[in-house]
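In: Let's see this in three dimensions:
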Amino acid sequence: MPVPQLTPSGLLPPGIYDCTLADIREAFGSPTTTPRRQEIHSALLAAVADPLLDDLVDHILIDGSYVTSNPQPHDVDVIFALRPLAFARLGPAANRGIPWALSAIRVLAGRTSPIIEGRHAVHGFPLPMRSQVYQTFLDWFQRERDGVTVKGILRVGIK
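Out: Numbering: from 1, shown residues only. Take a look at the predicted model:
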């Protein structure tokens with residue numbers, strides 16, 4: 001399903017919209033958009049395409065000023081929905097200092113994304129799917145900063 005038209009206030013209409021990264025690029029990061037939008041989209045693609053995440057992430061949920069009508073968005077916020085047992089694999093490996101786990105955690109948190117005006121382009125939130133904290137963030141992502149205005153988010157399946 002393609003990305004829906006934005007509301008008059010520049011937000012996605014309420015709901016969760018399944019789409020592809022190509023749909024997102026067309027709507028928010030195509031060559032006809034601002035250079036900042038294109039840079040943020042490139043950072044998003046790099047983050048989700050990292051092979052370290054192949055066995056860890058089921059899907060991503062996308063929010064942030066990138067998925068609004070703002071021509072100069074600050075960043076893209078991404079919930080990385082972790083597959084069952086992903087934390088069980090990551091945690092012990094990271095605690096032992098195993099490089100692949102430490103690298104995966106950096107990617108999931110967005111700490112490897114480019115910095116634009118002092119901020120990382122991608123802000124990542126690695127959360128176990130269907131957990132309480134996942135649901136809390138899912139609800140949070142679907143509200144504006146005022147805590148009242150409901151808006152939509154995008155969901156992309158990963159491999």
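
In: From here on, just use CA atoms for contacts and neighbour counts.
Out: Noted.

In: Which neighbouring elements make contact with the lowest-mean-pLDDT helix or strand in the chain?
Out: Every helix and strand in the chain was compared by mean pLDDT, DSSP states H and E; the lowest is helix 86-95, with a mean of 83. Counting contacts by 3 or more CA pairs under 8 Å, 6 or more residues apart in numbering; DSSP states H and E, helix 86-95 packs against helix 99-108.

In: tell me the mean pLDDT for the helix or strand just after the helix it packs on?
Out: Remark: after helix 99-108, the chain's next helix or strand is strand 115-116, criterion DSSP states H and E. Averaged over strand 115-116, pLDDT sits at 88.

In: so how far is strand 115-116 off the chain centroid?
Out: Distance of strand 115-116 from the chain centroid (CA atoms, centre = their mean, to the nearest Å) equals 16 Å.

In: C-terminal to that strand, what's the next element?
Out: That would be, after strand 115-116 and using DSSP H and E, strand 119-120.

In: Report the backbone C-alpha coordinates of whichever helix or strand comes after that following strand in PDB.
Out: Where DSSP H and E defines the elements, the next helix or strand beyond strand 119-120 is strand 122-128. Listed next in PDB are the C-alpha coordinates belonging to strand 122-128 (Å, rounded to 0.1, in the frame of the first residue of the first chain):
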ATOM      1  CA  VAL A 122      18.300   8.200  12.500                       C
ATOM      2  CA  HIS A 123      17.000   7.800  16.100                       C
ATOM      3  CA  GLY A 124      16.600   4.100  16.700                       C
ATOM      4  CA  PHE A 125      14.500   2.300  19.400                       C
ATOM      5  CA  PRO A 126      15.200  -1.400  19.400                       C
ATOM      6  CA  LEU A 127      12.300  -3.100  21.100                       C
ATOM      7  CA  PRO A 128      11.000  -6.700  21.400                       C
END
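
In: how far off helix 86-95 does strand 122-128 point, in degrees?
Out: Interaxial angle of strand 122-128 relative to helix 86-95 (axes from the mean of the first three to the mean of the last three CA atoms, to 10 degrees): 110 degrees.

In: who does strand 122-128 pair up with?
Out: Strand 122-128 has its sheet partners listed here by DSSP bridges as strand 76-82 (parallel).

In: Okay, and the beta partners of residue 153?
Out: With DSSP bridges as the rule, residue 153 is bridged to residue 16.
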